[in-house]
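Student: Here is my input, please return the structure:
(chains A and B)
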Amino acid sequence: MLDIRRIREEYDTVKTAVESRGKGDYGLAEALALDEKRRGIIANAEQKKSRQNAVSKEIPQIKKTGGDSVAIMAEMKALSEQIKEDDAQLAEIEEKLKDALLGIPNTPDASVPVGADDSENVEQRRFGEPTAFDFEPKPHWELGTELDIFDFERAVKISGTRFTVSKGFGARLERSVTNFMLDLHTGEHGYKEILPPFMVNRASMTGTGQLPKFEEDMYHVTQQDFFLVPTAEVPLTNLFMDEILDAKDLPVYVTAYTPCFRKEAGSAGRDTRGLIRVHQFNKVELVKFSKPEESWEELESLTVAAEEVLKRIGLPYRVVALSTGDLGFSSAKTYDIEVWMPSYGRYVEISSCSNFTDYQARRAGIRFRREPGAKPEFVHTLNGSGLAVGRTVAAIIENFQQADGSVAVPEVLRPYVGTDVIR
RNA sequence: GGAGAAGUAGCGAAGUGGUCGGAACGCGGCGCACUCGAAAUGCGUUUACGGGGUGACUCGUACGUGGGUUCGAAUCCCACCUUCUCCGCCA
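Tutor: You can find the predicted model right below:
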């Protein structure tokens, strides 16, 4: 969430930034009004409390010396009731203020292109050229079914639409890609591998910004109020919830493979075939905790680390900077990496790399101390897919398909897959 | 799932209705003294959040969490969370 003091002191700047997302002020004006009300109540209540504390210290003396405590007790009783009323009123205002703040998105960085939607995203760079074929290429769902490595019909039978079953080399390829990504990031990019829970509590989902606004997108285990993780970002970022880190340990780099669970509500009819948009998919996630002054540099290197996966596999891609209208709720700046997907005839999102600045850190209470005795400051959090595994598999199958319907295994993956060609 | 015990500063731990909350005591950390240096020893110091103030500073809040009783709660009552021990179940 945004710092209420920043909203108070730089209201116009914050308002302009938030409104650049193109969907109003998200209750910013309301938050400011609530804050003013809140401070008025605090000033009043604390004066009364100060008096109450002072008198409470005197009462034992009065009693000991046999003085008359009846009048003062009556006064204190009345004061105590007033304080209770003030506190109740304050709690109510603070609850409202907190709700208001949780509903306000992060302020886009000044470098983010202003635009209404994804059509105004700005391409940053490309790697490779869209794959050229001297035959008619097939989409991965057709190839995969013919090769008997995907089984969409049985997935529907055992679970429903938007679920997948991989078999044989299909399952092996998925596992290989996952391992390749984890090995690259842990071995060469300095990330520590984490295996987190796949279900998290409400506090974690609130810390990273999925709750309270986006509850309808999540799978909720109502029996125990758990949520299935929509991304490993949630458990990874909340590793340090309510902790104060040591500056000498920053930056912290962590990575994890998890399945990701999403309802995909509102995308009915979109990408209904294949591995592109499903309720459960695998992803390797990269998360960083950094000092504020280093986070922009860290965003660039995180994006480069994610790109490296595609470079080594040999898949054509491009990087785009999201415009303000397409930017995620908690993000101050996001680069999407898009891989070339022949069946779509365009680039498709395969990674989203964001700097959340102190927005998530403030919600989740993740701080650091520059030196012993210094005031704790909020860290900056960043994350990016490194990469979405299912979409990577789909891209490999489509871009590496051969005229005879077989799929060449990219060289870096051969030691993992154990074959040169899937046929 | 059942029974019992416990949650107080970085760690251990005292406090069972008021002068006990930055909080006894011990350990650790930091500073100073002693030392060529270190150890040992001695002295001092050591939380976070919010309000007000340019500031020195000041007021408030916090004893797992949330309620309640009381003029006053770490202390009494209720609910929940977590940890430990035993039993049950289980990969």
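Student: Enumerate the residues of chain A near RNA strand B.
Tutor: A:4-5, A:39, A:42-43, A:45-47, A:49-50, A:52-57, A:59-61, A:63-64, A:73, A:76-77, A:79-80, A:91, A:367, A:372-373, A:375-376 (Cβ under 7 Å from any atom of the strand). Where C-beta positions appear, they are placed from N, C-alpha and C, glycine not excepted.
Student: Pull up the gap between the residue of the stretch 101-250 of chain A found nearest RNA strand B and A:D3, please.
Tutor: The stretch 101-250 of chain A approaches RNA strand B most closely through A:I244 (7.0 Å), counting by Cβ to the nearest atom of the strand. Counting by Cβ to Cβ, to the nearest Å, the gap from A:I244 to A:D3 is 18 Å.
Student: now do A:A171
Tutor: 47 Å.
Student: what distance separates the start and the end of stretch A:233-246?
Tutor: Stretch A:233-246 has an end-to-end distance of 21 Å (Cα to Cα, to the nearest Å).
Student: I'd like the average pLDDT over it.
Tutor: What stretch A:233-246 shows for mean pLDDT is 91.
Student: Of all the residues in that stretch, which ones are buried?
Tutor: A:E233, A:V234, A:P235, A:L236, A:T237, A:N238, A:L239, A:F240, A:M241, A:L245 (16 or more other Cβ atoms under 10 Å).
Student: Over to stretch A:211-231?
Tutor: For stretch A:211-231, by 16+ other Cβ under 10 Å, it's A:L211, A:M218, A:F226, A:F227, A:L228, A:V229, A:P230, A:T231.
Student: ok but the residue of the stretch 101-250 of chain A closest to RNA strand B is inside a strand, no?
Tutor: Yes - assessed by DSSP: H, G, I helix; E, B strand; the rest coil, A:I244 belongs to a strand.
Student: Sort out for me which of the residues of chain A next to RNA strand B are in strands.
Tutor: Cross-referencing these against strands under DSSP state E gives A:R367.
Student: Using PDB, write out the CA atom coordinates for stretch A:20-30.
Tutor: Extracted in PDB, the C-alpha atoms of stretch A:20-30 (Å, rounded to 0.1, in the frame of the first residue of the first chain):
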ATOM      1  CA  SER A  20      -2.500   7.700 -15.000                       C
ATOM      2  CA  ARG A  21      -3.700   4.100 -14.800                       C
ATOM      3  CA  GLY A  22      -6.900   5.400 -16.300                       C
ATOM      4  CA  LYS A  23      -9.500   4.100 -13.800                       C
ATOM      5  CA  GLY A  24     -10.200   7.100 -11.600                       C
ATOM      6  CA  ASP A  25      -8.600   7.900  -8.200                       C
ATOM      7  CA  TYR A  26      -9.200   4.500  -6.500                       C
ATOM      8  CA  GLY A  27     -10.500   6.300  -3.400                       C
ATOM      9  CA  LEU A  28      -7.400   8.400  -2.800                       C
ATOM     10  CA  ALA A  29      -9.400  11.500  -1.800                       C
ATOM     11  CA  GLU A  30     -11.400   9.400   0.700                       C
END
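Student: How far does it sit from its chain's centre?
Tutor: Distance of stretch A:20-30 from the chain centroid (Cα atoms, centre = their mean, to the nearest Å) equals 21 Å.
Student: what ranges do the helices span in the stretch 301-423 of chain A?
Tutor: A:359-364, A:389-399, A:414-417 (DSSP state H, counting those that start in this stretch).
Student: Which other helices and strands does the last one contact?
Tutor: Other helices and strands packing on helix A:414-417, by 3 or more Cβ pairs under 8 Å, 6 or more residues apart in numbering; DSSP states H and E, are helix A:169-187.
Student: any idea of the mean pLDDT for the following helix or strand past the helix it packs on?
Tutor: Remark: after helix A:169-187, the chain's next helix or strand is strand A:192-193, criterion DSSP states H and E. For strand A:192-193, mean pLDDT rounds to 96.
Student: just checking, next helix/strand downstream of strand A:192-193?
Tutor: strand A:199-200.
Student: How about residues contacting that following strand?
Tutor: A:V221, A:F226, A:F227, A:L228, A:V229, A:V234, A:P235, A:N238 (Cβ atoms under 8 Å, 6 or more residues apart in numbering).
Student: OK, contacts around A:V18?
Tutor: A:D25, A:Y26, A:L28, A:I104, A:P105, A:T107.
Student: Sort out which of those residues are in strands and list them.
Tutor: Per DSSP E, these never map to strands.
Student: okay, these in TSV with distance to A:E193 next?
Tutor: TSV is the format used below for the contacts of A:V18 (distance: Cβ to Cβ, whole Å):
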residue	distance to A:E193
A:D25	42
A:Y26	37
A:L28	40
A:I104	34
A:P105	31
A:T107	33
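Student: buried subset of the residues you listed?
Tutor: For the contacts of A:V18, buried by 16+ other Cβ under 10 Å: A:Y26, A:L28, A:I104, A:P105, A:T107.
Student: picking that back up, return the subset of the buried residues of stretch A:233-246 lying in helices.
Tutor: Among the buried residues of stretch A:233-246, the members found in helices (DSSP state H) are A:E233, A:V234, A:P235, A:L236, A:T237.
Student: For the stretch 251-400 of chain A, give the residue positioned nearest to RNA strand B.
Tutor: A:P376 (4.5 Å).
Student: That residue: what's it in contact with?
Tutor: Here A:P376 is in contact with A:I244, A:R367, A:F368, A:R369 (criterion: Cβ under 8 Å, 6+ apart).
Student: Run through the residues that contact the last one.
Tutor: A:R369 makes contact with A:I244, A:L245, A:D246, A:A247, A:K375, A:P376, A:E377 under the criterion Cβ under 8 Å, 6+ apart.
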